[in-house]
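Student: Provide a 3D model corresponding to the input given below.
(chains A, B and C)
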Amino acid sequence: MWTWFHRLASPPHFYRLAERWLPWVGVAAAGLLAWGWIGGLVFAPPDYQQKDAFRIIYVHVPTAAASLSLYTMMAVAGAVALIWRMKLAECVLVATAPVGAGMTVVALITGMLWGKPMWGTYWVWDARLTSELVLLFLYLGVIGLQQAFEDARAAARACALLAIVGVVNVPIVKYSVEWWNSLHQTSTILKLGKPTITADMAVPLYAALAGTFLLCAYAILRRVQNELLWRERRTGWVAELL
Amino acid sequence: MDANFWHMSGYAAYVWGSFGVAALVFVWAGLAPRRRRRELLDSIRGSAEDV
Amino acid sequence: MTKRQQRMAAIGALVVGLGLAATLGFTAIRKNMMYFYTPSDVAAQAPSADATIRLGGLVVAGSVRRGEGLRVAFTVADCESEVPVHYEGILPDLFREGQGIVATGRVGTDGVFTAQEVLAKHDEEYMPPELAEKLTDENGKHSCAEFKRVVQS
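Tutor: From the prediction side, this is the model:
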C-alpha cells in the first residue's frame, strides 16, 4: 500500500497520471455542467414561490458546496504537507486556493443576486453570510501568504498552517443555519433523510454539482501540474518531457 | 426560445447575472492554468537553451 | 516519538485546541450570533422601547391589513406567541400570509412592533406550483423549526 502511495506522490508519476486523466475530467465536467445548466434553466419547472428566480440554485449551491469542500481538502493537504513533508501535498495546497477562492466569489455574488429579489436585500450580516465571507478572506490569505515568500517550500509550510487554522470556519459555515437564527434557509440537499426538492428540479442540480466539482478537479490538476513543472524545472523528467 | 424564457418571470437580471458570473469564473478556472502552462513550458525551454 | 509523530501530535493538538476555543467562544456569544428574536423571545423578555431589534416569525394567515399608501399591519407569530407589526414601505416579493419574515424595528410601549425594514425568509423546499397547490393546508405549510428561541424562559 505504501509503495503505491509513494509512487503517486512522486512528481513525474503524478504528472503523467494527471495528463492521462485530464481530458476525461474536462469532458465530463463540460458535459455535466451543460446538462445541469440547460436542465435547470430550460426543463426544470419554476418554483411555486420563487418562480424563475429559484434557478439561481443551479449555480449557487454547487459553488457554495465546492467552496467548503475545497477548503477542507486544502487543509488536509496542508496537514499532509506539514507532517510528511510531501511535495505533492504542498502543490495541491497552493493549487487549490485560487480555485476555491473563485468558487467562493461565485457563491457570494450569486447569493447576493438571489437575496435581492427574494429576501429583499443583497446582504445581511447574519451567521451564514458572514462566515462565508470569512472563508473568502481565508482563501485570499493563503494566496497572499504564498506570494509573500521567495522559497516555495517555506511558502507552502506557512500556507499549510493558515489553512489548518482556518478549517474551524468550515463547520461554522455549514451548520450556521442550524445553530443560529439566520435569514438564510437550511440546507436543501446535503442533509439526512429526504431532500426537500422534487426530482425534476433535483436531477439537474445533482448534475450541476458533479460538473462543478469535476471542473474544480480539472483546474486543480492543471495547477498542480504547473506547480510541479516549475519546481522541478531543472530535473531530468521535465527536460525529457520537452 | 420564446420571450418568457429570457424574461424569467421578471427576474431576468438576477438569473442571467448569476449564470453570467458563474460562466465567467468557470471559463477562467478552466483556461487560466492552460495558458500558464504554455508560458511555463516556453520559459523552461528558453532557459534550457541558454545553458 | 519520531519527528513525524511529533508534528502529527502538534497539528492534532492545534486543531483540537482551536475547535475547543471556537466552541467555547461561540457558546458564550450565542445570543449575539442570532440574527433575530422570535415572538416568544419578545413575550418572555420585552426589549426596551428605544432598542432596535430584529423580529423573525411567520405572518399569521388572515392578519394582513393594508392601509393608505404603503401602510400595512400584520401579526408575526412562532408556534407560541404573537406580535403585532406596523410597517410602511415596500414589501419583498415573497411577502405573503404564512411566509417567514424578518423585520427590523422597535417594540413600542403598547406592544406593537414598528418596522423600518421587512425581509422575507423562505424555507429550503422547492417544488413546482401544481404540487404546492396539492400540499397546501389551511395552517400554511411552514414549520416553526427554523425559529430558534434566544431567551430561555
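Student: got the residues of chain B near chain A?
Tutor: Within chain B, the positions near chain A by Cβ under 8 Å from any Cβ of the partner chain are B:5, B:8-11, B:14-15, B:17-19, B:21-22, B:25-26, B:28-30, B:32-34, B:36-37, B:40-41, B:44-45, B:47-48. Using the backbone N, CA and C atoms, a C-beta is placed for each residue, glycine as well.
Student: filter the residues you listed to the buried ones?
Tutor: The neighbour count (16 or more other Cβ atoms under 10 Å in any protein chain shown) marks B:8, B:11, B:14-15, B:17-19, B:21-22, B:25-26, B:29-30, B:32-33, B:36-37, B:40-41, B:44 as buried among the residues of chain B next to chain A.
Student: Geometric centre of chain C: which residue is closest?
Tutor: The centroid of chain C falls nearest to C:Gly56 when counting by Cα atoms, centre = their mean (3.7 Å).
Student: Determine the next helix or strand in the C-terminal direction from the strand or helix carrying that residue.
Tutor: Using DSSP states H and E, C:Gly56 sits within strand C:53-59. Using DSSP H and E, the helix or strand that follows strand C:53-59 towards the C-terminus is strand C:65-66.
Student: And that next one, what does it pack against?
Tutor: strand C:71-77 (3 or more Cβ pairs under 8 Å, 6 or more residues apart in numbering or on different chains; DSSP states H and E).
Student: Briefly note if the strand it packs on comes near chain A.
Tutor: No: interface with chain A: strand C:71-77 contributes nothing (Cβ under 8 Å from any Cβ), its closest point being 13.5 Å away.
Student: Partner strands of that strand, with direction?
Tutor: Paired strands of strand C:71-77, with direction, are strand C:53-59 (antiparallel), strand C:65-66 (antiparallel), strand C:82-88 (antiparallel) (DSSP bridges).
Student: quick one, domains of chain C?
Tutor: Per automatic domain parsing, the domain ranges recorded for chain C read C:1-31, C:34-135.
Student: near chain A, anything from the shortest one?
Tutor: Yes: Domain C:1-31 comes into contact with chain A (Cβ under 8 Å from any Cβ), by way of C:Arg4, C:Arg7, C:Met8, C:Ile11, C:Leu14, C:Val15, C:Leu18, C:Gly19, C:Ala22, C:Phe26, C:Arg30.
Student: Show me which residues of whatever helix or strand the first one lives in are buried.
Tutor: Secondary-structure element containing C:Arg4, defined by DSSP H and E: helix C:3-28. The neighbour-count criterion (16+ other Cβ under 10 Å) identifies C:Arg7, C:Met8, C:Ile11, C:Leu14, C:Val15, C:Leu18, C:Phe26 as the buried residues of helix C:3-28.
Student: can you give me the offset of that helix from its chain's centre?
Tutor: 32 Å (Cα atoms, centre = their mean, to the nearest Å).
Student: What of stretch A:106-120?
Tutor: Taking Cα atoms, centre = their mean, the mean C-alpha location of stretch A:106-120 is offset from the chain mean by 19 Å.
Student: repeat for stretch B:20-38
Tutor: Centre-to-centre, stretch B:20-38 and its host chain are 4 Å apart (Cα atoms, centre = their mean).
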